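Prediction below, plus the sequence it came from.
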Amino acid sequence: MSYQDQLKSYALAVDKALNEYLPAAEVYPSTIHEAMRYSVFAGGKRLRPILTIAAAEAVGGSMEQVMPVACALELIHTYSLVHDDLPAMDNDDFRRGRPTNHKVYGEAMAILVGDALLTQAFEVIAGTAVKVSPDKVNQVTLEIARAAGSLGLIGGQVVDTLSEDQVIDGQVLEYIHRHKTGALFRVAVRAGAILSGASAEELAALTTYAEQMGLAFQIKDDLLDIEGDEAKIGKPVGSDVKNKKATYPALYGLEKAREMAARAAAEAVAALEIFGPKAEFLRSIMHFIINRDH
Ligand code: GRG
């Protein structure tokens, strides 16, 4: 199977499980359940759950064992996007080519959708205990809560918000992305490994992979934003299109940003050496992330 087919088949398996974990759209009060499903099934790439599954498989674990935690991470990711799009945050009207949650269901409902998805994530994780030892579930729960909280994703969003329209240096930029984007990728990989009984050496290698991959993902995201702006409004690539946002191309220039992304991707792949062929899918995911066009 090609890695593209493998990505598709894993994304489908994640969709199927998410469909089972989420209350049906008709369940009372149906407005919130319909609105939750609107954003969860909006065409996301399912990268975080796929990483959890791929990390599990690299250390001899199974998709079945880690699926609840994999899905929980997608629920947390979706909550962060719904809240990030709100008028008080990024005030975006479209995401993944569709109107954002608050545009369809209203601001109050979108806030509640985010809250419900985050809460549902931990309910789903608690259900993992039937398939994995409770101490592993406990460790993973702690790591996921930290990655999502004020020392993780929220912390990154806070520093990003406070930095808007400010001149920031490379250290602040790194803090923002390590937390806002990196924390969830890191825990996605670590959770799959921990639940599958990874050794300390395997966990350390996978953590390096996840951190470098998260950095490469973020720089690529910034580059795609600029390339998208250029296509939309005809500005030359490299002009200061997004001067309100803290991005790698804005701080380092396009060429250097591209080099940084390539270096991070190479370091991510290098960290997988100890796994040999068992980590082939993780290598392919890195390849997919760095070569994606959306
Ligand atoms: C508001 C609580 C709160 C947190 C906001 C994650 C986040 C923090 C904001 C999302 C906005 C953003 C563009 C972040 C940068 C990178 C990112 C998370 C991109 C989207 O991830 P993909 O490409 O999305 O995996 P899909 O659509 O495939 O799920």
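Noted; the coordinates are in hand. Numbering: from 1, shown residues only.

Enumerate every residue touching His33.
His33 is in contact with Leu22, Pro23, Ala24, Ala25, Glu26, Val27, counting by C-beta atoms under 8 Å, 6 or more residues apart in numbering. Just so you know, the C-beta spots here come from the backbone N, C-alpha and C atoms, and that holds for glycine as well.

and for the helix or strand where Glu174 lies, what are the contacting residues?
Here Glu174 sits within helix 170-177, counting by DSSP states H and E. Here helix 170-177 makes contact (C-beta under 8 Å, 6+ apart) with Gly156, Val159, Asp160, Ser163, Gly214, Leu215, Gln218, Ala246, Thr247, Tyr248, Leu251, Tyr252.

can you rerun that using 6 Å?
By C-beta atoms under 6 Å, 6 or more residues apart in numbering, the residues outside helix 170-177 that reach it are Gly156, Val159, Asp160, Gln218, Ala246, Leu251.

tell me the angle the one helix or strand the second one maps to makes with helix 170-177.
Same thing as Val159. Under the criterion of DSSP H and E, Val159 resides in helix 153-163. Compare the direction of helix 153-163 with that of helix 170-177 by axes from the mean of the first three to the mean of the last three C-alpha atoms, to 10 degrees and you get 130 degrees.

Please list the outside residues in contact with helix 153-163.
Ser80, Tyr175, Ile176, His179, Lys180, Ala183, Ala246.

Please repeat the previous calculation with a cut-off of 7 Å.
Residues outside helix 153-163 that contact it (C-beta atoms under 7 Å, 6 or more residues apart in numbering) are Ser80, Ala147, Val172, Tyr175, Ile176, His177, His179, Lys180, Ala183, Leu184, Ala246.

As TSV, the contacts of helix 170-177 with neighbour count, distance to Thr208 and pLDDT would be great.
Below are the contacts of helix 170-177 laid out as TSV (neighbours: other C-beta atoms under 10 Å; distance: C-beta to C-beta, whole Å; pLDDT from 0 to 100):
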residue	neighbour count	distance to Thr208	pLDDT
Gly156	22	20	97
Val159	18	23	95
Asp160	22	25	93
Gln218	24	16	95
Ala246	22	25	74
Leu251	17	24	91
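
Does stretch 168-186 reach the ligand?
Yes - for stretch 168-186, a contact with the ligand is found by C-beta under 6 Å from any ligand atom, at Lys180, Thr181.

try stretch 38-48
Yes - looking at stretch 38-48 against the ligand by C-beta under 6 Å from any ligand atom, the contacts come from Gly44, Lys45, Leu47.

For that stretch, list every residue counted as buried.
Tyr38, Ser39, Val40, Ala42, Gly44, Arg46, Leu47, Arg48 (16 or more other C-beta atoms under 10 Å).

Would you pull up how far that stretch lies from the middle of the chain?
The chain centroid and the centroid of stretch 38-48 are separated by 10 Å under C-alpha atoms, centre = their mean, to the nearest Å.

Check what contacts it and list those residues.
Here stretch 38-48 has contacts from 11, 14, 18, 22, 73-75, 77-78, 82, 95-96, 98, 101, 104, 113, 184-185, 188, using C-beta under 7 Å, 6+ apart.

ends of that stretch, how far apart?
Separation of the first and last residues of stretch 38-48 by C-alpha to C-alpha, to the nearest Å is 19 Å.

on that earlier part again, would you mark the buried spots in the helix holding Glu174?
Per 16+ other C-beta under 10 Å, helix 170-177 contains these buried residues: Val172, Leu173, Tyr175, Ile176, His177.

could I get it in CSV with only the CA atoms?
The C-alpha trace of helix 170-177 is given here as CSV (Å, rounded to 0.1, in the frame of the first residue of the first chain):
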residue,chain,number,x,y,z
GLY,A,170,13.1,34.1,17.5
GLN,A,171,12.8,32.9,21.1
VAL,A,172,9.2,34.2,21.5
LEU,A,173,8.3,32.8,18.1
GLU,A,174,9.7,29.4,19.1
TYR,A,175,7.7,29.5,22.4
ILE,A,176,4.5,30.3,20.6
HIS,A,177,4.8,27.5,18.1
